[in-house]
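Q: Everything below, folded, please.
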Amino acid sequence: MIDWIMVRGARENNLKDLDLDLPKRKLIVLTGPSGSGKSTLAFDTIFAEGQRRYIESLSAYAKQFVEQLKRPDVESITGLCPSLAIQQKKISQNPRSTVATISEVYDYLRLLYSRVGEVIDPNTGEKLSAQSVGQMTDAVLRLGIGARISVLAIVAERKKGAFAKEIEKFVRLGFVRARIDGLDYELQIGQKLDKNKPHDFEIYIDRLVVKPEANLRLQDAIEKALEFGEGRFKIVVHSENDRILAFSRNLTSSDGSFSIPEMTPRLFSFNSPMGACPECKGMGYLGFEEWEASQDFDERVDDGEELAAEENLPCPLCKGSRLRLESRSVFINNLSIDQIHAMSIREALSAIQSFEFRGNQKLVSAKIIEELGNRLRFLEQVGLDYLNLNRMTKTLSGGEEQRVRLATQMGIHLRGVLYVLDEPSIGLHQLDNDRLIAAMKSLRDMGNTVLVVEHDIDTMRAADEIIDLGPGAGIHGGEIIEQATPREMKRGLTAEFLSGKRKIAVPEARRPLSKRWIKIKSAKVHNLKGIDVNIPLGVFVAVAGVSGSGKSSLILEVLAKSLREEKSVNCEELKGAENIDKLIEVSQSPIGRSPRSNPATYIDLFSGIRDLYSKVPLARQRGYGLGRFSFNVKGGRCEACQGAGESKIQMHFLPNVKVTCETCRGRRYNPATLECLYKGKTIHEVLEMSFEEALEFFEAVPYLRSKIQVVYDVGLGYLKLGQAATTLSGGEAQRIKLAKQLAKRQTGKTLYIMDEPTSGLHHVDVEQLLKVCQRLVDQGNSLIVIEHHLDVIKSADYVIDMGPLGGDRGGEIVGFGTPEELVKLSASHTGRFLKSFLSHGRAARARAS
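A: Now for the predicted structure:
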């Protein structure tokens with residue numbers, strides 16, 4: 001058995017012909033400054049090659065259904081295991097996807113309820129049991145003499161298909177009347193339904209009047225209906241308002257008013273027509289117009305209540321549970337599946353552990369309960385016990401979704417796999433970090449190799465081996481500085497921070513608090529418990545607290561929304577908004593979704609560069625304007641590739657290939673445009689420069705240099721001016737947005753809100769970011785940062801600590817004040833961890849002075 005993954009000649013992106021050996025069945029941390037090549041090595045080289053080899057092993061038929069991958073720029077990788085990547089990129093925006101579904105918890109819940117659940121009639125409270133044909137006949141006879149009824153076999157419910165064979169079969173048997181999608185039809189051979197639509201298809205077996213002498217005829221009709229309907233049928237009681245009774249061989253109430261189809265896992269799936277609420281189709285909510293149509297409008301709105309037309313509102317039929325009534329009428333220990341689904345992970349684990357079964361039920365449920373408990377415990381272990389199981393995946397942060405998927409992999413118990421993780425500690429409080437590290441170690445101990453891109457010091461110290469890339473970013477990175485155990489690390493910046501020789505210094509003084517404050521009264525959204533909060537302005541404020549404690553709810557859902565909408569949102573009252581002229585939220589969302597978008601265009605630098613090129617002598621002589629130097633419009637661009645610099649070639653059964661444009665050779669512009677030079681460089685060559693190179697190149701052009709300088713100041717000097725926006729990480733996108741704001745003229749009285757800006761940053765980059773943050777506040781602005789990074793928290797003027805824990809055990813303020821005041825509060829988990837950081841930071845400041 002090969003005990004190493006051996007990489008030779010890795011040259012993808014900025015990697016400089018790297019050779020390295022990764023030990024198998026170890027926890028390996030890949031670290032280094034932002035842009036040094038960590039993700040390129042881990043994801044774009046090692047994982048990408050593992051995926052490519054897997055796809056290559058598929059048949060030609062299977063390959064047509066999957067995206068084909070290009071071979072990474074690497075000479076060879078030997079000893080490579082099957083590879084799985086768990087990244088922070090949002091994988092699913094599907095509103096049907098929840099924490100329970102992606103973690104497989106819901107699959108086991110459905111299995112459990114279908115095997116040992118008890119059905120209770122929601123109208124009478126009667127416990128349902130299977131009925132014989134005689135009992136069903138008696139129930140129909142109890143309708144009374146003279147009742148006019150029809151017996152219908154249920155052939156299909158919400159099922160797609162043309163049903164041509166079924167129609168022909170029933171016509172040949174003499175059954176020519178059917179009820180299809182609620183309407184009556186005469187059937188004919190050759191008739192077809194729309195195969196692309198789901199249908200309700202029922203066959204009329206008999207029509208009769210209830211009377212004693214019709215007993216045998218009724219029983220015969222019921223037997224035929226059960227045969228053709230696979231154990232299910234309906235009785236339509238004809239009157240002014242027809243009444244429908246549903247019967248099933250499985251579970252039916254004694255009067256036939258309520259029945260359950262066969263108890264299979266599909267009955268409990270909101271993604272199946274069998275289990276989904278018929279009103280909202282399993283979504284749990286309706287759009288405003290649909291919701292309004294389902295309500296009595298006069299009773300819908302309380303006095304003074306306003307509803308935005310774009311809001312999604314809870315489905316009135318299922319009350320947001322997503323499931324039909326039949327699915328919600330199955331119970332274990334007086335809990336239905338939707339009630340479990342609405343619980344937090346911690347509550348669900350407690351509920352599952354309280355389930356008691358006897359006899360055969362105990363045998364049937366034992367393995368299911370074990371697997372269900374394991375998955376919930378794994379979710380708890382990675383610090384997600386505060387999340388509700390029905391929380392939509394698209395509302396999770398990148399770190400939360402990654403940890404859900406990590407917990408799922410732990411539950412699968414694979415062995416011999418290479419797991420590649422992307423900063424799993426992001427968004428995690430120090431309190432939860434030890435549990436996450438234990439989770440990664442348990443993956444390793446199952447016999448897997450765990451490769452983690454990470455900057456967290458505690459994770460590095462827990463690793464079996466550290467690979468430090470650098471020394472800098474971009475063209476200054478891509479080299480291995482050191483590969484060693486944590487104790488043996490001696491060279492480079494990472495080793496200095498790891499050993500404690502280098503620390504981020506504590507500010508010499510905290511800014512004094514002014515009389516300008518934002519005062520929020522009774523904030524109540526998600527888990528916020530009607531709290532009152534006072535936030536000082538004109539200073540650097542850090543909002544801290546354990547994961548799920550309500551930080552984002554308070555700042556983004558209450559403060560930011562109230563300021564944007566100029567009214568109190570999710571709170572009783574917000575005072576002090578007049579002290580703020582402008583609100584700027586610097587998020588990690590992409591700066592562009594097209595490869596044509598780049599950092600230079602986003603910060604409005606490229607228009608200045610194009611203006612400069614339009615003024616060079618040759619451009620003036622030819623009459624070229626700004627448009628001539630755009631690669632997005634006709635004129636100066638290469639028309640063969642329309643300014644993209646490359647062309648895509650469709651390859652059947654092989655990856656689509658992007659090849660350099662033969663006409664412009666990747667330079668995007670036509671020859672005439674490229675003849676215009678500034679300081680001997682074409683505009684294409686300028687776009688290929690890093691911001692660090694451009695800083696020197698445009699030194700004599702102040703209006704360009706000032707914008708380039710701020711990008712360099714936020715630690716992105718390694719990025720190319722023309723780098724495709726689609727290649728930027730969330731952290732890089734956030735810092736580009738910050739640079740754009742810094743480049744603008746500062747008026748003061750602006751409130752900046754940043755959500756975890758240290759994501760993806762090495763300690764040396766955090767140091768640089770903090771300088772930028774302090775500069776923003778020095779210019780008279782206010783800054784609120786939602787953050788777990790203790791170096792950021794210790795650098796703030798004022799800290800608001802939330803908790804005490806996550807989910808329903810959070811949503812309160814446990815402490816506030818300067819970092820020095822916070823460490824004195826016994827209730828503050830943040831304060832407890834912050835104490836050592838403050839003392840080390842003061843020592844670092846003393847050494848620096």
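
Q: Which helix or strand in the protein has the lowest average pLDDT?
A: Among the helices and strands of the chain, helix 297-300 carries the lowest confidence by mean pLDDT, DSSP states H and E, at a mean of 35.

Q: Is the residue of the chain most remote from its centre in a helix, a strand, or coil?
A: With distances taken as CA atoms, centre = their mean, the residue sitting farthest from the centre of the chain turns out to be residue 213, at 64.2 Å. For residue 213, the secondary structure call by DSSP: H, G, I helix; E, B strand; the rest coil comes out as helix.

Q: how near is it to residue 141?
A: For residue 213, the distance to residue 141 equals 12 Å [CB to CB, to the nearest Å]. In short, each C-beta sits where N, CA and C put it, glycine included.

Q: Same question for residue 338.
A: In this structure, residue 338 and residue 141 are separated by 36 Å, where distance is defined by CB to CB.

Q: what's the domain layout of the chain?
A: Following automatic domain parsing, one finds the domains of the chain at 4-82+416-496, 118-262, 517-589+731-848, 599-727.

Q: Adding distance to residue 327 and mean pLDDT as columns, could you present these in a markdown table?
A: Formatted as a markdown table, the domains of the chain follow (distance: least, CB to CB, whole Å; pLDDT from 0 to 100):
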| stretch | distance to residue 327 | mean pLDDT |
| --- | --- | --- |
| domain 4-82+416-496 | 32 | 91 |
| domain 118-262 | 9 | 89 |
| domain 517-589+731-848 | 25 | 90 |
| domain 599-727 | 42 | 89 |
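
Q: what would the ones you listed look like in JSON lines with distance to residue 504?
A: What follows is the domains of the chain, written out as JSON lines (distance: least, CB to CB, whole Å):
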{"stretch": "domain 4-82+416-496", "distance to residue 504": "12"}
{"stretch": "domain 118-262", "distance to residue 504": "59"}
{"stretch": "domain 517-589+731-848", "distance to residue 504": "4"}
{"stretch": "domain 599-727", "distance to residue 504": "14"}
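
Q: now the strands: where do they sit in the stretch 551-700 of the chain?
A: Taking DSSP state E, counting those that start in this stretch to define them, one finds strands in the stretch 551-700 of the chain at 571-575, 582-586, 646-649, 657-660.

Q: How about the stretch 301-450 of the chain?
A: Using DSSP E, counting those that start in this stretch, strands in the stretch 301-450 of the chain cover 312-314, 330-332, 335-336, 418-422, 449-453.

Q: would you turn those strands into TSV with mean neighbour count and distance to residue 501?
A: Converted to TSV, the strands of the stretch 301-450 of the chain look like this (neighbours: other CB atoms under 10 Å; distance: least, CB to CB, whole Å):
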stretch	mean neighbour count	distance to residue 501
strand 312-314	15	53
strand 330-332	21	57
strand 335-336	19	55
strand 418-422	24	28
strand 449-453	24	23
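
Q: and residue 61, which of the ones you listed is closest to it?
A: When the strands of the stretch 301-450 of the chain are compared for distance to residue 61 using CB to CB, the nearest one is strand 418-422, at 27.3 Å.

Q: Export only the CA atoms of the closest one, formatted as PDB.
A: What follows is strand 418-422, C-alpha atoms only, in PDB (Å, rounded to 0.1, in the frame of the first residue of the first chain):
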ATOM      1  CA  LEU A 418      -9.100  12.200   0.700                       C
ATOM      2  CA  TYR A 419     -11.200  14.900   2.200                       C
ATOM      3  CA  VAL A 420     -10.300  18.500   1.200                       C
ATOM      4  CA  LEU A 421     -11.800  21.100   3.500                       C
ATOM      5  CA  ASP A 422     -11.900  24.900   3.000                       C
END
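
Q: what helices or strands is that strand leaning on?
A: Packed against strand 418-422 by the contact rule (3 or more CB pairs under 8 Å, 6 or more residues apart in numbering; DSSP states H and E) you find strand 83-86, helix 398-412, strand 449-453.

Q: Residues contacting the last one, please?
A: Right, the one you point to is strand 449-453. For strand 449-453, the surrounding residues in contact (CB atoms under 8 Å, 6 or more residues apart in numbering) are 5, 22-31, 38-39, 42-43, 46, 81, 417-424, 440, 443-444, 459, 463.

Q: Please apply the same query to the first one.
A: With contacts defined as CB under 8 Å, 6+ apart, strand 83-86 is touched by 43, 46-47, 49-51, 54, 402, 405-406, 409, 414, 417-422, 424.

Q: Work out the sheet partners of that strand and label each with its direction, please.
A: Neighbouring strands of strand 83-86 in its sheet, by DSSP bridges, are strand 418-422 (parallel).

Q: Next, the angle from the partner strand to strand 449-453.
A: 20 degrees (axes from the mean of the first three to the mean of the last three CA atoms, to 10 degrees).

Q: Give me the contacts around strand 418-422.
A: Contacting residues not belonging to strand 418-422 are listed as 5, 39, 42-43, 46-47, 50, 80-88, 402, 406, 409, 440, 443, 448-454 [CB under 8 Å, 6+ apart].

Q: Need phi/psi at residue 159.
A: The main-chain torsion angles of residue 159 are listed as degrees, to the nearest 10 and equal phi -120, psi 130.

Q: Identify the bridge partners of it.
A: According to DSSP bridges, the partner residues bridging residue 159 are residue 199.

Q: Can you name the residues that contact it?
A: Contact criterion CB under 8 Å, 6+ apart gives 198-199, 201, 273 as the residues in contact with residue 159.

Q: Could you measure from it over to residue 274?
A: Applying CB to CB, the value for residue 159 to residue 274 is 9 Å.

Q: Name the surrounding residues that touch stretch 611-623.
A: Counting contacts by CB under 8 Å, 6+ apart, the residues outside stretch 611-623 that touch it are 624-626, 628-629, 672, 675-678, 683, 701, 704.

Q: wait, residue 364 sits on residue 115?
A: Yes - under the criterion of CB atoms under 8 Å, residue 364 makes contact with residue 115 at 5.1 Å.

Q: Now do residue 464 against residue 452, distance only.
A: Note on residue 464: its distance to residue 452, by CB to CB, is 11 Å.

Q: Give me the common contacts of the two.
A: Residues touching both residue 464 and residue 452 by CB under 8 Å, 6+ apart: 27-28.

Q: quick one on the thing from earlier: tell me which of the strands of the stretch 551-700 of the chain lies nearest to residue 246.
A: If you check each of the strands of the stretch 551-700 of the chain against residue 246 by CB to CB, strand 571-575 wins as the nearest, at 47.5 Å.

Q: strands paired with the closest one, and their directions?
A: Each strand paired with strand 571-575, and its direction, by DSSP bridges: strand 517-523 (antiparallel).

Q: Now the element after the strand it pairs with, going C-ward?
A: Sequence order places strand 531-536 as the next helix or strand after strand 517-523, per DSSP states H and E.
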